[in-house]
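Trainee: generate a structure from the sequence data that follows.
(one chain, ligands or ions: 1)
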Amino acid sequence: MPITIASATCLTLLVPVSVVILDILRRLVRRRRERKGLPLPPGPTPVPLLGNVLSLDTDAPWKTYTEWQTKYGDVLYVRLLDEEVIVLNSQSDAVELLEKRSKIYSDRPFIATIDPYGLGYTFGFARYGDHWRLCRRIFHQTFRANAALVFRPMQLRTARQMVVNMIDQPDQYAFHYSTFAAAVVMSAAYDYEPGPRDDPIVHILDSFLRASMSAATAEKAVLLKMFPFLLRIPDWFPGSSIKREARTSSEWAVKMMETPYKYVQKQMESSRDPTFSMVSDHITRMRKYDEPYCSAYTTALKHASVTAFHWYTSSLLMTFTLAMVENPHVWKRAQAEIDAVLGMNRLPEYDDRPSLPYVEAILRETTRWQPVTPLVPHATSSSDIYKSFHIPKGIFHSQLCRAMSRNEARYPNGDQFIPERFLTVEGTLTDDDPAEYVFGFGRRICPGRHAGDASLWISIATMLATLEFNLAKDAEGKDVAFKPAYASGLTR
Ligand code: HEM
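Mentor: This next block holds a predicted model:
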C-alpha cells in the first residue's frame, strides 16, 4: 500500500508522542518507588497520564487551587501531566518549609519557556546554585534595607515627575507607571534616569515584557516541555509560531540586558563626572580578578542588573488605580487624611508615612487584594517528609499567595477592596501586614522589597494628594464603562 502524506505525518507524530508517554510512565513509576509507602499530600484524583490538568482553570489556576483547598486542606498534591505540584495555601506551611527548611526548598523548577523566551537572563528564574548565589549577593549589596534608603530622594522626585506626566497625559497612565518603576531600578542599577516620555531603554523593557508575558503561558511551557523540537522546526512549517514568538522575546531580552550595561561602560570610559551604580561598582571590583572567574562575574552582574522586576511595582500601581476608580470613597477619605495631616501647601514625604495610617492601609490592601504573583514557583532539591506526607525531590511547589490573601477567617469579604480591615477601631494600623507573604519566603524572598515598598508608598501617597480617580468620559461627557481583566502569565 502506498504511504500517503497523511499517514507519513501520523507516523512522524506518533514517535515523539510515544516517547513522551513512556517517559511520563517511567518517571511516575520511579517516584512511586521513592515514596517507600508514605502517602503524598491529599488532592484531587488524577486521571491516567493527564493527571488533573483537565480540571484546572488554566487562565486563573489559583481559583481551582482555592476550591481544592476547601476540599483537601492547606497542603495539596496535584499532578498536571507528568508535572507533580505541591501547593501551599497557608502562610504557616510556607514559613515552615520555605524558611525553616530553606536549604531544600529554594530551587526554581524547570519551566521549558524560561530560556527560549529569554527569561533566563534575569536571576529570578535561576536554579539554586553558585550562579544564583553570586547574582543575589551583587543585588543584595545595592538593594538591602539600609542601602536602599539612598534612593529615597530620587524616588520622591521621580514620583512627583510621574504625577506631572499623568496630569499632562492621563490616558497614558500605564506607561507613566512603567517609566516611574523602571526609573527607580535603573537609577540604582545603572545610574540611568529615563526621560519622562518615549525613553529608548524603557521602550526595550516594555517590549520585552509584552513579548515574554503574553507568550510565556503555562500551556506553552507544557507544549515545549513535551515537544522541544518545536523550537527547531523551520519558520515556514505549521506550528512554528511558538518558535518565532520565543525568538522575538529573547531578542528583546538580550537588548534589555546589554543596552544599559553598555551605557555604563561608555559612561565609565568617557565621562569626567564620576558615575556610581551597582554595575559600575562591580565592573571596578572585578578588575582584580582573572578569567574564568571574571567571566562568571560579568554574567552574574548582567543577570543581577536586569531591571525587568520593575513590572511588579507598575502592575501593583495598575491594581491601585482600578481599586480607586471602583471605590471613590477610599481616595476621598485618603485625601481628607492627607489634607488634615499635611495641610494644603505641601506634598507627602517619607517622614510623613507614620502619620498617614489610612494611606498605609490602602497600600496593604492593594498588595493583598490582587497579589502580583498569585502563585510563586519553587522546586525541592531533595525529597522530604512533612506532616507525615512524602514530598518528592525535584518537584514543583508553589506558595499560593492568592489563598493567603483570600483567607476568609483573616480577611472577610476578601474579594472586596476594604483598607479599613487593616485599621483598629481607633484608626491605628493593625499588626497584619501582607508584606509578610506578598514578597515570598525564605532564601528566594524578594530582594527588591525595600525599594519596591518605598516606590509604592511614595507614588500612591503623591497620587492621592494630587489626583482624582474617575472613569474616562466619552465625547458626550458620559462615563466610559469597562470590564477589568488581568492577563495571565508568570505574574499579573
Ligand atoms: C513592589 C512590589 C514587589 C513585589 C510584590 C515583589 C514580589 C516578589 C516575589 C513574590 C518574588 C518571588 C519570591 C520567591 O520566590 O519566594 C520576587 C522575587 C524577586 N524580586 Fe520582587 N517584588 C516587588 C518589587 C521588586 C523590585 C522593585 C525589584 C528590583 C529592585 C525586585 C526584584 C526581585 C528579584 C531579583 C527577585 C528574584 C529573587 C530570587 O529568585 O532570588 N522586586 N519578588
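
Trainee: report the distance from the host helix or strand of residue 281 to the chain centre.
Mentor: Under DSSP states H and E, the secondary-structure element containing residue 281 is helix 278-286. How far helix 278-286 lies from its chain's middle: 27 Å, per CA atoms, centre = their mean, to the nearest Å.

Trainee: now do it: which elements does it pack against?
Mentor: helix 130-143, helix 173-190, helix 241-270, helix 293-305 (3 or more CB pairs under 8 Å, 6 or more residues apart in numbering; DSSP states H and E). The way it works is simple: take the backbone N, C-alpha and C, and place the C-beta from them, glycine included.

Trainee: look up the closest residue to residue 385, ignoring the ones flanking it.
Mentor: Distance criterion CB to CB, 6 or more residues apart in numbering; nearest residue to residue 385, sequence neighbours excluded, is residue 38 at 6.5 Å.

Trainee: which element is that neighbour on?
Mentor: Secondary structure from DSSP H and E places residue 38 outside every helix and strand.

Trainee: for it, what are its contacts?
Mentor: Listed by CB atoms under 8 Å, 6 or more residues apart in numbering, the contact set of residue 38 reads 385, 388-390.

Trainee: and the ligand, which of those reach it?
Mentor: Applying CB under 6 Å from any ligand atom, the subset of the contacts of residue 38 adjacent to the ligand is empty.

Trainee: I'd like to know which of these are buried.
Mentor: 389-390 (16 or more other CB atoms under 10 Å).

Trainee: what about residue 188, distance to residue 414?
Mentor: 34 Å (CB to CB, to the nearest Å).

Trainee: okay, these two: which has more neighbours?
Mentor: Set side by side, residue 188 and residue 414 give different neighbour counts by other CB atoms under 10 Å, the larger being at residue 188 (26 against 16).

Trainee: wait, the more buried one sits on residue 451?
Mentor: Yes. At 6.9 Å, residue 188 counts as touching residue 451 under the criterion of CB atoms under 8 Å.

Trainee: now do the shared contacts for these two.
Mentor: Taking CB under 8 Å, 6+ apart as the contact criterion, the residues that touch both residue 188 and residue 451 are 143, 148, 151.

Trainee: nearest to the ligand among those?
Mentor: The shortest gap between the ligand and any of these belongs to residue 143, at 5.5 Å (CB to the nearest ligand atom).

Trainee: around the ligand, pick out the residues from the stretch 201-350 of the chain.
Mentor: So far as CB under 6 Å from any ligand atom goes, the stretch 201-350 of the chain lies against the ligand at 309-310, 312-313, 316.

Trainee: one step back: residues in contact with the helix holding residue 281: which ones?
Mentor: Residues lying outside helix 278-286 but in contact with it, judged by CB under 8 Å, 6+ apart, are 138-139, 141-142, 188-191, 260-261, 264-265, 267-268, 294, 297-298, 301, 304-305.

Trainee: excluding its backbone neighbours, what's nearest residue 302?
Mentor: Setting aside the residues directly before and after it, residue 302 is nearest to residue 257 in space (CB to CB, 6+ apart), at 5.2 Å.

Trainee: can you pull the contacts of that neighbour?
Mentor: By CB under 8 Å, 6+ apart, the contact set of residue 257 is 121, 302-303, 305-306.

Trainee: ok, so of those residues, who is nearest the ligand?
Mentor: The shortest gap between the ligand and any of the contacts of residue 257 belongs to residue 306, at 8.3 Å (CB to the nearest ligand atom).

Trainee: quick one on the thing from earlier: okay if I get the helices and strands packed on helix 278-286 as CSV plus mean pLDDT?
Mentor: CSV is the format used below for these (pLDDT from 0 to 100):
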stretch, mean pLDDT
helix 130-143, 96
helix 173-190, 92
helix 241-270, 94
helix 293-305, 94
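
Trainee: most tightly surrounded among the ones you listed?
Mentor: For those, ranked by mean neighbour count under the definition mean count of other CB atoms under 10 Å, the leader is helix 173-190 at a mean of 24.

Trainee: residues from the stretch 51-200 of the chain in reach of the ligand?
Mentor: Remark: the part of the stretch 51-200 of the chain in contact with the ligand comprises 124, 136, 139, 143, 185, using CB under 6 Å from any ligand atom.

Trainee: which pair in those residues spans the largest distance?
Mentor: Farthest-apart pair in these is 136 and 185; separation 15.9 Å (CB to CB).

Trainee: so what's the closest residue to residue 364 other than its chain neighbours up against?
Mentor: The spatial neighbour of residue 364 that comes closest, neighbours along the chain excluded (CB to CB, 6+ apart), is residue 422 at 4.8 Å. With contact taken as CB under 8 Å, 6+ apart, residue 422 is in contact with 360-361, 364-365, 429-430, 432-433.

Trainee: now swap in residue 156 and tell me
Mentor: Residue 156 is in contact with 349-350, 458, counting by CB under 8 Å, 6+ apart.

Trainee: go again with 7 Å.
Mentor: With contacts taken as CB atoms under 7 Å, 6 or more residues apart in numbering, residue 156 has the following neighbours: 349, 458.

Trainee: please tell me how far the closest residue in space to residue 139 that isn't next to it in sequence sits from residue 181.
Mentor: Computed as CB to CB, 6+ apart, the closest residue to residue 139 that is not its neighbour in sequence is residue 304, at 4.6 Å. Residue 304 sits 18 Å away from residue 181, taking CB to CB as the criterion.

Trainee: just the element for the closest residue in space to residue 144 that isn't next to it in sequence, please.
Mentor: Among residues not flanking residue 144 along the chain, residue 450 sits closest, at 7.2 Å (CB to CB, 6+ apart). Under DSSP H and E, the secondary-structure element containing residue 450 is helix 449-466.

Trainee: only alpha carbons, please: show that helix as PDB.
Mentor: Coordinates of each C-alpha in helix 449-466 appear next as PDB, following Å, rounded to 0.1, in the frame of the first residue of the first chain:
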ATOM      1  CA  ARG A 449      11.200  44.600  48.500                       C
ATOM      2  CA  HIS A 450      12.600  47.600  50.400                       C
ATOM      3  CA  ALA A 451      13.000  49.700  47.300                       C
ATOM      4  CA  GLY A 452       9.700  48.300  45.900                       C
ATOM      5  CA  ASP A 453       7.700  49.100  49.000                       C
ATOM      6  CA  ALA A 454       9.200  52.700  49.100                       C
ATOM      7  CA  SER A 455       8.300  53.200  45.500                       C
ATOM      8  CA  LEU A 456       4.800  52.100  46.000                       C
ATOM      9  CA  TRP A 457       4.300  54.200  49.100                       C
ATOM     10  CA  ILE A 458       5.600  57.500  47.700                       C
ATOM     11  CA  SER A 459       3.800  57.100  44.400                       C
ATOM     12  CA  ILE A 460       0.500  56.200  46.000                       C
ATOM     13  CA  ALA A 461       0.700  58.900  48.600                       C
ATOM     14  CA  THR A 462       1.600  61.500  45.900                       C
ATOM     15  CA  MET A 463      -1.200  60.500  43.600                       C
ATOM     16  CA  LEU A 464      -3.700  60.500  46.400                       C
ATOM     17  CA  ALA A 465      -2.600  64.000  47.400                       C
ATOM     18  CA  THR A 466      -2.900  65.400  43.900                       C
END
